[in-house]
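Student: Need coordinates for the following:
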Amino acid sequence: MACRITELVLDCRDPEGLAAFWCEVLGYVVLERPDDGSVEIGPEKTGAGWLQPTLVLSPAEEPRSGKLRLHIDVNATDRDQDAELDRLLALGARPADVGQTGEESWHVLADPEGNEFCLLRRRVDA
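Tutor: Residues are numbered from 1 along each chain as shown. Predicted coordinates:
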C-alpha cells in the first residue's frame, strides 16, 4: 500500500486572508479553524476516498523567505486560460518572474503573500 497526499501546509502571516484567496481560487471552503490560528480549507466533498488534498494555512511570524521548493499548479475548470488569468489577477494574484522565457504555456503568479503558483493551459474537469 502506498501513501497519498492529504494536506499541504503553507506558513503565512495572515491565515484568514490567504484562506479567503485560495478558497476563491480553488472553489474550496473553510473546513476547520484549529485553536493554533491555522485555517484548513478544502473541497466540500471530503472524507474517505476523496483524492484532493486540503490546504492548511498555518500562522508564522517569519514565513520562509526565498524560493519555495514546492509550488502549486492550477488548471481552469470552466473557462480558458486567458479568462482564468484575468480572474486570478482580479482576486489579488500578481505576475511573478522566475526566469521565464515568454514561450511557456503557463503563467507564473504569486498569491497575496508572495507564494508562487502556476496557471497551466489545460482545462480539467471540476
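
Student: Let me see the contact set for Gly102.
Tutor: Contacts of Gly102 were listed using C-beta atoms under 8 Å, 6 or more residues apart in numbering, and none were found. C-betas here are computed from N, CA, C, even on glycine.

Student: can you pull the pLDDT of it?
Tutor: pLDDT recorded at Gly102 is 88.

Student: before we move on, what about Arg69?
Tutor: Predicted confidence (pLDDT) for Arg69: 75.

Student: Quick check: the gap between it and Phe117.
Tutor: Distance of Arg69 to Phe117, given as C-beta to C-beta, to the nearest Å: 14 Å.

Student: now swap in Asp82 and tell me
Tutor: 17 Å.

Student: Break the protein into its domains for me.
Tutor: For the chain, automatic domain parsing gives the domain ranges 1-61, 70-126.

Student: Where among those domains is average confidence lowest?
Tutor: Among those, domain 1-61 carries the lowest mean pLDDT, a mean of 89.

Student: Please report phi then psi for the closest residue to Gly92 other than its chain neighbours.
Tutor: Spatial nearest neighbour of Gly92, excluding adjacent residues (C-beta to C-beta, 6 or more residues apart in numbering): Pro112 at 4.8 Å. Dihedral pair for Pro112: phi -60, psi -20, per degrees, to the nearest 10.

Student: List the contacts of Pro112.
Tutor: So Pro112 contacts Asp14, Gly17, Leu18, Phe21, Gly92, Ala93 (C-beta under 8 Å, 6+ apart).
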